[in-house]
Structure formats: C-alpha cells, structure tokens
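1. Here is a sequence together with a model predicted from it:
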Amino acid sequence: MARLAKEQDSLQEFGYLRALAPKMTVTEFSARVASAFFLWAKELLESELNRNALASTVQYDLFDGNPDCWKTYVAQMQK
C-alpha cells in the first residue's frame with residue numbers, strides 16, 4: 001500500500017499512506033479501514049460525539065505499532 005501511495009499521483013495528497021507499514025497490502029489496508037470505521041455510522045448519530053472512541057478505533061486498526069504514521073495522519077486530518 002505504501003509503495004502504491006508513492007507511485008500513484010492521485011494518492012499524493014494522503015501523506016500518511018506513504019508512512020504505512022511497508023508490507024501492508026491493499027487487501028489488508030482495505031480490511032483495516034473497514035474495521036477502523038465500522039462503528040462511525042452509529043457513533044456519529046449519538047447526541048454527544050465521543051471523539052476519543054472514534055480516534056482510538058482508527059489508531060488501533062490502521063496504525064497499531066506505527067506511531068509516526070498515526071501522528072502524520074492526525075496532522076493531516078487537523079488541516
């Protein structure tokens with residue numbers, strides 16, 4: 001996935017993709033994304049948004065063991 005992100009112009013704006021684990025496949029990335037955002041639809045309908053819960057699922061499922069990539073992702077989302 002990281003190699004694809006480096007090679008595809010359409011993915012250049014997503015800097016955190018280039019920082020993913022080098023051996024993560026597109027299939028694995030897709031499964032992790034689905035898991036990371038699975039609860040979002042339900043959580044976003046709650047009267048009070050639990051930002052920590054939403055962030056922790058993404059951090060755990062996509063960036064577990066890769067704190068630098070997580071920091072890059074957070075910085076990009078804050079923009």
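-> Structure's in. What do you need?
2. How is the residue lying farthest from the centre of the chain assigned, secondary-structure-wise?
-> The outermost residue of the chain relative to its centre, with distances by C-alpha atoms, centre = their mean, is residue 47 at 24.5 Å. Taking DSSP: H, G, I helix; E, B strand; the rest coil as the rule, one finds residue 47 in the coil state.
3. May I have the phi/psi pair for it?
-> phi -70, psi -30 (degrees, to the nearest 10).
4. in the helix or strand bottoming out on mean pLDDT in the chain, what's buried?
-> Every helix and strand in the chain was compared by mean pLDDT, DSSP states H and E; the lowest is helix 15-18, with a mean of 82. Buried residues in helix 15-18, counted by 16 or more other C-beta atoms under 10 Å: 16-18. The C-beta positions use only the backbone N, C-alpha and C, and glycine is treated the same way.
5. now for that helix, which elements pack on it?
-> helix 2-7, helix 67-78 (3 or more C-beta pairs under 8 Å, 6 or more residues apart in numbering; DSSP states H and E).
6. got a markdown table for these, with mean pLDDT and mean neighbour count too?
-> As requested, these are exported to a markdown table (pLDDT from 0 to 100; neighbours: other C-beta atoms under 10 Å):
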| stretch | mean pLDDT | mean neighbour count |
| --- | --- | --- |
| helix 2-7 | 85 | 14 |
| helix 67-78 | 89 | 14 |
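7. Figure out which of those helices is closest to residue 41.
-> Nearest to residue 41 among the helices and strands packed on helix 15-18 is helix 67-78; the distance by C-beta to C-beta comes to 18.2 Å.
8. Residues touching the closest one, excluding its own?
-> Applying C-beta atoms under 8 Å, 6 or more residues apart in numbering, the set of residues contacting helix 67-78 from outside is 14-16, 19-21, 55, 58-59, 62-63.
9. The residue positioned nearest the centre of the chain is in what secondary structure piece?
-> The centroid of the chain falls nearest to residue 62 when counting by C-alpha atoms, centre = their mean (4.9 Å). If you go by DSSP states H and E, residue 62 is part of helix 51-63.
10. Report the angle between that helix and helix 67-78.
-> 130 degrees (axes from the mean of the first three to the mean of the last three C-alpha atoms, to 10 degrees).
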